[in-house]
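1. quick check, what structure comes out for this input:
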Amino acid sequence: MLTGQRRTLILDILRRDGQVIAKRIADDFGLSEDTIRRDLREMAAERLLTRVHGGALPLAPELPDFSARRGVSPDVKRQLGAFAAKMVQPRRTVFLDGGTTTAEIARHLPRSFAFTVVTHSPTIAAELEHHPTAEVILIGGKLYKHSMVATGAAAMAAISLVRPDIFFLGVTAIHPVHGLSTGDFEEAAIKRHIAQCSAETYVMATQEKLDAASPCHILPIRAVSGMVVPSDITEASLAPYRSAEVPIFAVGD
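-> Numbers count the residues shown, from 1 in each chain. Below you'll find the predicted structure:
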């Protein structure tokens, strides 16, 4: 078996099972563990996976701060935000997570009818300062500056008092086995709580977030009502998510 073929199969197994165990793969391929370990080391150096003792796990994405994320894929985020904003209906309550993609949702929200926006992000609330028809409820708490969102007990208590019709969730990683995740434990707990309080939860997914896993689990992939993705993501990349019966909305130009 050629090296390229082995690597493709290893990535397929990682996506399907959420982990790779070197001994098991070596037995399946009829190769030595040393060969598989070398493959895993080289793939980790190329940032295709995360090397761990005995095997590998999905790549954990880098976690740039809020300011740095503003410059990542702005056109794609604008398209996703514009599509998601059209899902908002009159007199409904919408919860917007913090983040640069949800900021695009805020910028594209309808202006012809009234609705309520709840958010725990002061930057999202500021986007709606001059919106003519949106009533804005800002959740307070301890500010997690990396993502510019409120966390902690006060935020949890306030979120428990609202029942949003739709929640637009921001994440750093999405994996068919490991689900939705982010880099901070407290932030993950807040996101999970908002989803539990909401009738529907949708996640925006750019290419770099797929098939990755951050340290802090939020929800299993089946817990979301749908994924909004760019239309140029290949069907092969989306197949595991479709197999999980997650509705997928592909957004293009």
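
2. so G140 sits against A153, correct?
-> No. Applying C-beta atoms under 8 Å as the test, G140 and A153 come out as separate, 11.3 Å apart. Just so you know, the C-beta spots here come from the backbone N, C-alpha and C atoms, and that holds for glycine as well.

3. which one of those two is surrounded by more residues?
-> Counted by other C-beta atoms under 10 Å, G140 and A153 do not tie: G140 has more neighbours, with 12 against 9.

4. and the more buried one, what does it touch?
-> H120, A150, A154, A155, A158 (C-beta atoms under 8 Å, 6 or more residues apart in numbering).

5. ok, now with 6 Å
-> For G140, the contact set (C-beta atoms under 6 Å, 6 or more residues apart in numbering) comprises A150.

6. repeat for S231
-> Neighbour list for S231: A250, V251, G252 [criterion: C-beta under 6 Å, 6+ apart].

7. bridging residues for the second one?
-> Looking back up the chat, that one is V251. Note on V251: beta-bridge partners by DSSP bridges are P230.

8. in stretch 98-107, which residues are buried?
-> G98, G99, T100, T101, T102, A103, E104, I105, A106 (16 or more other C-beta atoms under 10 Å).

9. do stretch 2-22 as well
-> Of the residues in stretch 2-22, R6, R7, L9, I10, L11, I13, L14, R15, G18, Q19, V20, A22 count as buried by neighbour count, 16+ other C-beta under 10 Å.

10. quick one, phi/psi of the fifth one?
-> In this case it means L11. Phi and psi for L11, reported as degrees, to the nearest 10, are phi -70, psi -40.

11. between the contacts of S231, which is closest to K145?
-> The closest of these to K145 turns out to be V251 (C-beta to C-beta; 30.1 Å).

12. how deep is that closest one tucked in, by neighbour count?
-> Neighbourhood size, V251 [other C-beta under 10 Å]: 17.

13. in strands, which of the buried residues of stretch 2-22 fall?
-> Cross-referencing the buried residues of stretch 2-22 against strands under DSSP state E gives V20.

14. sort the contacts of S231 by pLDDT and name the bottom one.
-> Lowest pLDDT among those: G252, with 78.

15. how many other residues sit next to that one?
-> Using other C-beta under 10 Å: G252 sits among 8 other residues.

16. for K86, same thing?
-> 11.

17. give me the phi and psi angles of it.
-> Torsion angles at K86 (phi, psi; degrees, to the nearest 10) stand at phi -70, psi -10.

18. which among the contacts of S231 gets closest to V228?
-> Distance to V228, by C-beta to C-beta, is smallest for V251 among these, at 6.1 Å.

19. hmm, that closest one is touching F83, no?
-> Yes. Assessed by C-beta atoms under 6 Å, V251 is found in contact with F83 at 4.4 Å.

20. shared neighbours, those two?
-> Residues touching both V251 and F83 (C-beta under 6 Å, 6+ apart): there are none.

21. between the contacts of S231, which sits nearest A134?
-> Closest to A134, out of all of the contacts of S231 and judged by C-beta to C-beta, is V251, at 22.3 Å.

22. who are the contact partners of the closest one?
-> Going by C-beta under 6 Å, 6+ apart, V251 touches Q79, L80, F83, S231.

23. by neighbour count, which of these wins?
-> That'd be L80 among these, by other C-beta under 10 Å, with 25 neighbours.

24. how close does that one sit to R6?
-> Using C-beta to C-beta, to the nearest Å, one gets 35 Å for the distance from L80 to R6.

25. quick one on the thing from earlier: tabulate the buried residues of stretch 2-22 (CSV), appending pLDDT and distance to Y144.
-> Formatted as CSV, the buried residues of stretch 2-22 follow (pLDDT from 0 to 100; distance: C-beta to C-beta, whole Å):
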residue, pLDDT, distance to Y144
R6, 89, 41
R7, 89, 37
L9, 89, 39
I10, 91, 35
L11, 88, 33
I13, 88, 35
L14, 86, 30
R15, 81, 30
G18, 82, 27
Q19, 84, 29
V20, 89, 32
A22, 90, 37
